[in-house]
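Enquirer: just to be clear, the model below is a prediction. Sequence and coordinates:
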There are 2 protein chains.
Amino acid sequence: MKPQALRGFRDYLPAEMLAKNRMLDRVAATFESFGYPPLATPALEYTEILLGKYGEEEDKLLYRFKDNGERDVCMRYDLTVPLARVLAEHGDVLMPFRRYQIAPVWRAEKPARGRYREFLQCDADLVGVNDPAADAEMLLLGAAVLRSLGIEGFQMRVNHRGILKGLTKWLGLSAQEPEAAFLRLLDKLPKIGEGAFMDEAEREHRLSGAKLDGLRRYVAQGRSTAECLAAMGEIAEEDAGAAEGVARLRRVLDLAAAGGAGGAIALDSSIARGLGYYTGIIYETFLDDRPDFGSVMSGGRYDDLVGIFANRSLPAVGISLGVDRLFAALEELRPAAKQGTPARVLVALFDEAGVGAALAFAGQLRAAGIAAVVYPEPAKLKKQLKYASEIGVAYAAILGSDEIAAGEVTLKAMASGIQERLAVGQAIARLRESLA
Amino acid sequence: MKPQALRGFRDYLPAEMLAKNRMLDRVAATFESFGYPPLATPALEYTEILLGKYGEEEDKLLYRFKDNGERDVCMRYDLTVPLARVLAEHGDVLMPFRRYQIAPVWRAEKPARGRYREFLQCDADLVGVNDPAADAEMLLLGAAVLRSLGIEGFQMRVNHRGILKGLTKWLGLSAQEPEAAFLRLLDKLPKIGEGAFMDEAEREHRLSGAKLDGLRRYVAQGRSTAECLAAMGEIAEEDAGAAEGVARLRRVLDLAAAGGAGGAIALDSSIARGLGYYTGIIYETFLDDRPDFGSVMSGGRYDDLVGIFANRSLPAVGISLGVDRLFAALEELRPAAKQGTPARVLVALFDEAGVGAALAFAGQLRAAGIAAVVYPEPAKLKKQLKYASEIGVAYAAILGSDEIAAGEVTLKAMASGIQERLAVGQAIARLRESLA
């Protein structure tokens, strides 16, 4: 057979993994700086835990099978339902409970360019309180994550389900299915544009007259936070839930500004989040330089999901990074050098007699905090230098018998080709300085 | 239904994950300091890639099913066969090729205490050369990994398949199945002891007279490297392959000593490694203080496996950490504080009016490199301090209206209960110093 990865799946080779792990390390460090610890749950769950939690169409995308003990099992579809299961199973978990989880999930989607059946989800959630301070923390956390990646130009666009509920009620679409269909349509607005959105809303939801005009005012794009508040205020006048939503958003925005993320956050009355389980604030995040990448980070408050297995109310607010999308955007914004190695120096093996000295020198480099890779057999120097250049180290270090006898080493800077022979201690100092 | 993790699987809650990730971060950093980059492969592979690679009994432990497209698929059973598939599929990968992979694998084993059907494998491999320098690097890498975890008292016990082949030939057990059965028995020697081993060898393999005496001399336990070399020398006199093995081990030991790991390595003629695919050096690692934990790190040279899909010779040498075993040993050797949070400071929310100031102060702490968690709703101070103590932060920070008006903050050291009111800048300096 032809050796190949399973259809819809892919490998991540070293150069890409190195860059991706650097990104994820920063994300995890930022989560932890906010007091979010990691959690790990199994790849497999009982089917009855997952089934019916995502929707009928989504259920069809589950990797579901019988295990060797005839148990009906599914591969993890997201990280949220497993979190709900964990909080019910480990009933003594202290509330408020924070956790992050960065782990693959599996969905049997139709493969497409850039879409795989296995992908990393990266979620942080705060469970056990429903307070504007928790909502604001999530916005601050999201902004801190992007800033830790060196991204300053982004906007978190915020809305509230209570306001949207007021809108659908006012439009006469508050029954479950019309409301869900309307929110899915609203979710598509940034992609399809205002014109197509209004056409479809008119046609599919049979809107006309004042309703259609009101909707047009509500969804108008490209407005300031103040203009959005005005549009939301129109709905709030008609509906107590929407009024509460507007008040809540005002408070959350104030707190997020006090916490230092004011400039990164804007209200956007068209943000809808297609998923049905949100109950309060919702947000999406767009990059100023690459709006075409779509939302790279999103989430919201969902007070009714995490408690389903625990049979108690567990309000929750969370944020989810689109890891692959964000990584692709980062690569386009600031392409990383495509190195195939984490090492900065290749130590060449000049001849059999010098292998021990070369291994010892590599050890000294590592002790000095310099990652060093040893060419793993004596070979022609030219071949080793070609390899050094191809994997992308900054320096090659050569220890011939002359160098070893003199306690020296020859350093070759790969970019310039300049060679220097230095005492071992000097060479290490030079490398530390140059690679810092 | 009762919400529970699937039988044979488990969750890792925050306190455990925090400690485990600290361990894995160090392991990964050590791999990278030797120039090993990460690789990621899918959780699922075509069944024909995996089936027949591990043995008949092992094939029964595969999680195998039909995916939604009726493809016959299996969950990853180890990280080595996927590596072989990657090297064949991505034919342009540069040789010598190094990579590490830390990822879960799935085996439908009978669950037992401490044994789960999902567990982390943690492998580093060096592919494309068969040279003593590569073997020595693997020993140096293994020693560096354990030292990076603060473990100094350990021994890597080394043997060579060529010598064992010479032994089985001399014993008249060189046909495939008797040899494999003998190696499996030898593998059990440290567990069952010399007496039981000799009894079973005599009975199962019908050994007697000079053969039995020779075997007894070969496997004698508790000997020095020099004594082992003498016992191996007896076999080497009878067999060219064994003689090559002895010469190779001498060279590898010399190189590992030159690289600084001499004291951590000893020959042990009874090391066998049950897996059939090893072709050269093999090693197991035992902790001086906890030999009862068994081998925590093992591996060897396997020159015929990684090239199977590529249809070319790809010699390889690798090392595999027993993550769960090593973690359990570390916890027993140096129990970590069971913190449920990565944060060092809890910032309390005194009242509604102070939430913004508290969020801002938490941001200042993070900017100073101090992980800070905010109690996510205004609540009774007593409740918040109890929470701070339970999740395990070192300090609580309180900003009441007096403090805020004065630009101050009250710090409470959780261990001593001592409270101090300081200017914000002073408080941050105090925390930096005290938590360093």
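Expert: Yes, it's here. Numbers count the residues shown, from 1 in each chain, chains lettered A, B, ... in the order given.
Enquirer: now do the residue nearest in space to the middle of chain A against B:Ala371, distance only.
Expert: Closest residue to the average C-alpha location of chain A: A:Leu321 at 2.6 Å, with C-alpha atoms, centre = their mean. Per C-beta to C-beta, to the nearest Å, A:Leu321 is found 19 Å from B:Ala371. For the C-beta atoms, the positions are set from N, CA and C on the backbone; glycine is no exception.
Enquirer: and A:Phe350, by the same measure?
Expert: From A:Phe350 across to B:Ala371, the span is 47 Å (C-beta to C-beta).
Enquirer: ok, now A:Tyr395?
Expert: Taken as C-beta to C-beta, the span from A:Tyr395 to B:Ala371 is 35 Å.
Enquirer: domain-wise, how is chain A divided?
Expert: As assigned by automatic domain parsing, chain A contains the domains A:14-333, A:345-435.
Enquirer: okay, how far is it across the longest one, tip to tip?
Expert: It refers to domain A:14-333. 21 Å (C-alpha to C-alpha, to the nearest Å).
Enquirer: backbone dihedrals for the residue nearest to the centre of chain A, please?
Expert: The phi and psi values for A:Leu321, taken as degrees, to the nearest 10, are phi -90, psi 140.
Enquirer: got a pLDDT number for it?
Expert: Here, the pLDDT recorded for A:Leu321 equals 97.
Enquirer: which strand residues bridge the residue nearest to it when sequence neighbours are not counted?
Expert: Among residues not flanking A:Leu321 along the chain, A:Cys122 sits closest, at 4.2 Å (C-beta to C-beta, 6 or more residues apart in numbering or on different chains). Taking DSSP bridges as the rule, A:Cys122 bridges to A:Ile102, A:Leu321.
Enquirer: for the residue nearest to the centre of chain A, give me its contacts.
Expert: Taking C-beta atoms under 8 Å, 6 or more residues apart in numbering or on different chains as the contact definition, A:Leu321 lies against A:Val27, A:Cys122, A:Asp123, A:Val145, A:Val296, A:Met297.
Enquirer: PyMOL command for the buried members of those residues?
Expert: Selection of the buried residues among the contacts of A:Leu321 in PyMOL, burial being defined by 16 or more other C-beta atoms under 10 Å in any protein chain shown:
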select buried, chain A and resi 27+122+123+145+296+297
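Enquirer: determine which two of the contacts of A:Leu321 are furthest apart.
Expert: Greatest spatial distance in those: A:Asp123 and A:Val296, 13.9 Å, computed using C-beta to C-beta.
Enquirer: which pLDDT value belongs to the closest residue to chain B within the stretch 201-350 of chain A?
Expert: For the stretch 201-350 of chain A, the residue closest to chain B is A:Ala258, as judged by C-beta to the nearest C-beta, at 2.9 Å. Among the per-residue scores, A:Ala258 holds a pLDDT of 95.
Enquirer: what's the answer for A:Glu57, then?
Expert: Reported pLDDT for A:Glu57: 90.
Enquirer: for it, which residues are in contact?
Expert: If you count contacts by C-beta under 8 Å, 6+ apart, A:Glu57 has none.
Enquirer: how far away is it from chain B?
Expert: 13 Å (C-beta to the nearest C-beta, to the nearest Å).
Enquirer: as CSV, the contacts of A:Leu321 with distance to B:Ala201 and pLDDT would be great.
Expert: Shown next, in CSV, are these (distance: C-beta to C-beta, whole Å; pLDDT from 0 to 100):
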residue, distance to B:Ala201, pLDDT
A:Val27, 55, 98
A:Cys122, 53, 98
A:Asp123, 55, 98
A:Val145, 60, 98
A:Val296, 63, 95
A:Met297, 62, 96
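Enquirer: could I get the full set of helices for the stretch 251-400 of chain A?
Expert: A:323-333, A:355-367, A:381-391 (DSSP state H, counting those that start in this stretch).
Enquirer: quick one: low-confidence parts of the stretch 201-350 of chain A?
Expert: A:274-275 (pLDDT under 70).
Enquirer: who in it is up against chain B?
Expert: A:254-260, A:309-310, A:339-343, A:346, A:349 (C-beta under 8 Å from any C-beta of the partner chain).
Enquirer: share the number of residues neighbouring A:Ala329, please.
Expert: 21 (other C-beta atoms under 10 Å in any protein chain shown).
Enquirer: so it touches A:Asp292, yeah?
Expert: No - in this structure A:Ala329 lies outside contact range of A:Asp292 using C-beta atoms under 8 Å: 9.4 Å.
Enquirer: wait, A:Val129 touches B:Pro378, no?
Expert: No - using C-beta under 8 Å, A:Val129 makes no contact with B:Pro378, being 10.2 Å away.
Enquirer: tell me which element the closest residue to A:Ala272 other than its chain neighbours is part of?
Expert: Nearest residue to A:Ala272, sequence neighbours excluded (C-beta to C-beta, 6+ apart): A:Leu186, at 3.8 Å. If you go by DSSP states H and E, A:Leu186 is part of helix A:176-187.
Enquirer: likewise for A:Ala124?
Expert: Short version, using DSSP H and E: A:Ala124 is in strand A:118-127.
Enquirer: what's the angle from that strand to helix A:323-333?
Expert: 110 degrees (axes from the mean of the first three to the mean of the last three C-alpha atoms, to 10 degrees).
Enquirer: what packs against the next helix or strand after strand A:118-127?
Expert: Helices and strands here follow DSSP H and E; after strand A:118-127, the next one along the chain is helix A:132-148. In terms of contacts (3 or more C-beta pairs under 8 Å, 6 or more residues apart in numbering or on different chains; DSSP states H and E), helix A:132-148 is packed against helix A:14-33, strand A:118-127, strand A:154-160, helix A:240-258, strand A:281-287, strand A:297-301, strand A:316-321, helix B:355-367.
Enquirer: residues touching the shortest one, excluding its own?
Expert: The one in question is strand A:297-301. With contact meaning C-beta under 8 Å, 6+ apart, strand A:297-301 is reached by A:123, A:130, A:135, A:138, A:142, A:145-146, A:156, A:161, A:273, A:278-285, A:315-322, A:326.
Enquirer: my read: A:Leu267 touches A:Gly233, true?
Expert: No - with contacts counted by C-beta under 8 Å, A:Leu267 stays clear of A:Gly233, the gap being 11.3 Å.
Enquirer: which of the two has more neighbours?
Expert: A:Leu267 (24 against 13).
Enquirer: name the nearest residue to the more buried one, ignoring sequence neighbours.
Expert: A:Leu267's closest residue in space is A:Cys228 (C-beta to C-beta, 6+ apart), at 3.9 Å.
Enquirer: distance check, the one you found against A:Gly263.
Expert: Taking C-beta to C-beta, one finds A:Cys228 at 16 Å from A:Gly263.
Enquirer: who's more crowded, those two?
Expert: A:Cys228 (24 against 11).
Enquirer: give me the element the more buried one is part of.
Expert: With DSSP H and E as the criterion, A:Cys228 is inside helix A:225-236.
Enquirer: determine the three-state secondary structure at whichever residue of the stretch 1-150 of chain A sits closest to chain B.
Expert: Going by C-beta to the nearest C-beta, chain B is nearest to A:Gly35 of the stretch 1-150 of chain A, at 2.5 Å. Three-state assignment for A:Gly35 (DSSP: H, G, I helix; E, B strand; the rest coil): coil.
Enquirer: who's in contact with it?
Expert: A:Gly35 makes contacts with A:Arg98, B:Thr341, B:Pro342, B:Ala343, B:Leu346, B:Ala371, B:Ala372, B:Val373, B:Val374, as judged by C-beta under 8 Å, 6+ apart.
Enquirer: cool, thanks, signing off.
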